[in-house]
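Visitor: What would the 3D arrangement of this be:
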Amino acid sequence: MATSRASLSRAHVGASGWSYPTWRPGFYPAGTDPKQFLSYYAERFDTVELNTTGYRLPAEEQFRRWADQVPDGFEFAVKLPGDRPQIVAAFDERVRHLGDRLGPVRVVLKSARDEGMIELLLGSLDPANRLAFDLQHPSWDGIEDRLAAAGAVRVDDLEREAPFRYRRLREPPYSDDDLRALAEKVAAIREPAYVYFRHEDEPTAPRYAETLRELLSGA
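Guide: Okay, here's the model as predicted:
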């Protein structure tokens, strides 16, 4: 597999969340205080999906606290429930408190195709955000060109040209061959790529993420 450290530098690999006591001691050392989970995680990965924002929008102070716990270069991929456009203004304002730790914004729409909603969201969100639309109904197929025209991407689309890519792995387990094939796809992408593994009770997500990083580095 032709990979290099250049391909690793373009790939940001992590897990869907970090606040899981059952990852201790498999990932977090035994006895680690949950308040230290994020800083420990951020020493090993440079990105994480922040899913709590999809259920309840935290206060500004919480975003600042998260940003303060991670090093330069770390990015949070933040979830926005797209079917709640009434919170977009507050969401935009609050996530700014992550500063340069703000990564892609994953806009989740579970409903059937509604292009008016896409236009509303594209027109309401800060155009500086990197928007990744997680469109979960098959009726959305074919919307990719409209997203591309706005500089946005569709989650899990690794084929179309885009300013960045966003891949979510939701169906573990993954074999070494599965991860090797994924690494080949990611390594072939010239733009930044964000890859996240789903949380399970066991710390499989960080293990998969570590293995993928090793493959991408050519180790």
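Visitor: Can you show me the helices along this protein?
Guide: 5-10, 37-42, 60-68, 88-95, 115-124, 144-149, 176-187, 204-217 (DSSP state H).
Visitor: Any chance of JSON lines for those helices, columns mean neighbour count?
Guide: Every C-beta, even on glycine, is put in place using the N, C-alpha and C of the backbone. Shown next, in JSON lines, are the helices of the chain (neighbours: other C-beta atoms under 10 Å):
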{"stretch": "helix 5-10", "mean neighbour count": "16"}
{"stretch": "helix 37-42", "mean neighbour count": "19"}
{"stretch": "helix 60-68", "mean neighbour count": "15"}
{"stretch": "helix 88-95", "mean neighbour count": "17"}
{"stretch": "helix 115-124", "mean neighbour count": "14"}
{"stretch": "helix 144-149", "mean neighbour count": "14"}
{"stretch": "helix 176-187", "mean neighbour count": "17"}
{"stretch": "helix 204-217", "mean neighbour count": "20"}
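Visitor: Save those helices as TSV, and put in mean pLDDT and distance to residue 105 too.
Guide: Listed next are the helices of the chain as TSV, based on pLDDT from 0 to 100; distance: least, C-beta to C-beta, whole Å:
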stretch	mean pLDDT	distance to residue 105
helix 5-10	62	19
helix 37-42	98	19
helix 60-68	98	13
helix 88-95	95	7
helix 115-124	95	10
helix 144-149	93	13
helix 176-187	96	21
helix 204-217	97	21
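Visitor: Dump these to a markdown table, plus distance to residue 108.
Guide: As requested, the helices of the chain are exported to a markdown table (distance: least, C-beta to C-beta, whole Å):
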| stretch | distance to residue 108 |
| --- | --- |
| helix 5-10 | 25 |
| helix 37-42 | 22 |
| helix 60-68 | 19 |
| helix 88-95 | 12 |
| helix 115-124 | 11 |
| helix 144-149 | 14 |
| helix 176-187 | 22 |
| helix 204-217 | 19 |
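Visitor: do you know which of the ones you listed lies nearest residue 17?
Guide: helix 204-217 (8.1 Å; C-beta to C-beta).
Visitor: can you tell me which of the helices of the chain comes nearest to residue 101?
Guide: Smallest distance to residue 101 across the helices of the chain (C-beta to C-beta): 4.5 Å, for helix 60-68.
Visitor: Which strands or helices does the closest one pack on?
Guide: helix 88-95 (3 or more C-beta pairs under 8 Å, 6 or more residues apart in numbering; DSSP states H and E).
Visitor: Contacts for the helix it packs on, please.
Guide: Residues from elsewhere that reach helix 88-95, judged by C-beta atoms under 8 Å, 6 or more residues apart in numbering: 53, 57-60, 63, 78, 80, 102, 105, 121, 124-126, 129.
Visitor: of these, buried ones?
Guide: Buried by 16 or more other C-beta atoms under 10 Å: 53, 57, 63, 78, 80, 102, 105, 121, 125, 129, out of those.
Visitor: For the closest residue to the last one other than its chain neighbours, give its distance to residue 217.
Guide: Counting by C-beta to C-beta, 6 or more residues apart in numbering, residue 105 is the residue found nearest to residue 129 once chain neighbours are left out, at 4.8 Å. Here the distance between residue 105 and residue 217 works out to 28 Å (C-beta to C-beta, to the nearest Å).
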